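Q: predicted model and sequence below, questions to follow.
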Amino acid sequence: MATNDKHCFGTICIFLLLPLVLQFSYGKCELQLNYYKESCPRAEEIIKETVTKLYNKHGNTAVSWIRNLFHDCMVKSCDASLLLETTKNIVSEETADRSFGMRNFKYIGTIKEALESECPSTVSCADIVALSARDGIVLLGGPQIEMKTGRKDSKESYVAEVDEFIPNHNDTMSLVLLRFQSIGIDVEGTVALLGAHSVGRVHCLNLVNRLYPTVDPTLDPDYAQYLKGRCPSPEPDPKAVEYARNDRDTPMVLDNMYYKHLLSHMGLLLVDQQLASDPSTSPFVEKMATDNGYFHDQFSRALLLLSENSPLTGDEGEIRKDCRYVNGN
Ligand code: HEM
Ligand SMILES: *[C@@H]1O[C@H](CO)[C@@H](O)[C@H](O)[C@H]1NC(C)=O
């Protein structure tokens, strides 16, 4: 009995120690729940409070945090590379064509300042990107998502690679599915993530090719008429703030109205509309249109995968003091 116990203990020891040894030797850690529990216990609360305050003043900030997560995490990693501004060494990802229309970046500074005054140089900008999206989703009536933390911030921008990772508004569905598949998100998850287009806006620049010179026949004619009213010129001035709401009925609610609209040929972008016509995605569109709970479950699952796309952890990267600049610059 006693020798047996000893033997078991030895085996357990090896099982317990091996992962630890591996972790130290690679200097790599995993994301974990409540990573700031010891170093900044109120971190998640401060983010939520600030995101809520901002939402109450400018509702569309919550919308921006969701798009930020997509544009940051899809390009290589969730590392806040998106937030770096142009300096003499860096060209910002915000200047890429695919970042067109992104807004509210200055309010990331408001969240960061609140954290810095409580615990300086402790909470990464990459975790701010993730958690602000998580909290924004709830404010917009979406699901509550339990999210891990411990991401570190990049020291570089990947502006040259943005177009490779972020699809265009008129890309084919097979290309869109491939992009998401390359970061481990399946067809069902991709259909759910595009449900983020249940909130926010699209500028005319991204719509006019479906309206002029002829109306895209897959677009509902009355809706096309309405969109032409919103976007009267085939060549909109990119600086003019001409846009259409993503979802005319519930523009500030993250719900399955988006899928109902797709089924009535009222998808705004070409990629949106293709979700309903492509045979590989349409069954999921139909199911999400009838079941908001199912949409929310799939949205949560896929958003988590997106938010954990190859993060920098442990001693990789850094914790920026100012989300707009690499430290020591
Ligand atoms: C095939 C993939 C996608 C494409 C091609 C795409 C494209 C676009 C475009 C063209 C806009 C309008 C920009 C403008 O004119 O102002 C937009 C807005 C938006 N996108 Fe996506 N998107 C995709 C996936 C996603 C995903 C996965 C999310 C988040 C989970 C997301 C969240 C948003 C949000 C929240 C807005 C509204 C932004 C605002 O009102 O400020 N998108 N997207
Ligand atoms: C997609 O839209 C862009 C403008 O945003 C345009 O230059 C390009 O030709 C379009 N591509 C296709 C395949 O229609």
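A: Perfect, thanks for sending it. Residues are numbered from 1 along each chain as shown. Ligands and ions are numbered 1, 2, ... in the order given.

Q: tell me how far the nearest residue in space to Asn68 that is not next to it in sequence lies from ligand 2.
A: Counting by Cβ to Cβ, 6 or more residues apart in numbering, the nearest residue to Asn68 once its immediate chain neighbours are dropped is Val129, at 5.5 Å. All C-beta atoms are positioned from the backbone trio N, CA, C, and that covers glycine. For Val129, the distance to ligand 2 under the criterion Cβ to the nearest ligand atom, to the nearest Å works out to 26 Å.

Q: what about Val129, which helix or strand?
A: According to DSSP states H and E, Val129 maps onto helix 125-139.

Q: state the mean pLDDT of that helix.
A: Per-region confidence: helix 125-139 scores 98 on mean pLDDT.

Q: for the following helix or strand past that helix, list the C-alpha coordinates in PDB.
A: Next helix or strand after helix 125-139 toward the C-terminus (DSSP H and E): helix 162-165. Extracted C-alpha coordinates of helix 162-165, given in PDB (Å, rounded to 0.1, in the frame of the first residue of the first chain):
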ATOM      1  CA  VAL A 162      -4.300  44.500 -42.900                       C
ATOM      2  CA  ASP A 163      -5.800  43.900 -46.400                       C
ATOM      3  CA  GLU A 164      -4.600  40.300 -46.200                       C
ATOM      4  CA  PHE A 165      -6.500  39.500 -43.000                       C
END
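
Q: quick check: closest non-adjacent residue to the closest residue to ligand 2 within the chain.
A: Of the residues in the chain, the one nearest ligand 2 is Asn170, at a distance of 3.8 Å by Cβ to the nearest ligand atom. If the residues on either side of it in the chain are set aside, Asn170 comes closest to Leu270, at 4.4 Å by Cβ to Cβ, 6+ apart.

Q: count the neighbours of the one you found for me.
A: The burial metric for Leu270, expressed as a neighbour count using other Cβ atoms under 10 Å, is 20.

Q: contacting residues around it?
A: Residues near Leu270 by Cβ atoms under 8 Å, 6 or more residues apart in numbering: His169, Asn170, Asn209, Arg210, Asp216.

Q: any idea how far it lies from Tyr226?
A: Shown here: Leu270 relative to Tyr226, a distance of 17 Å by Cβ to Cβ, to the nearest Å.

Q: most surrounded residue in the contacts of Leu270?
A: Arg210 (21 neighbours).
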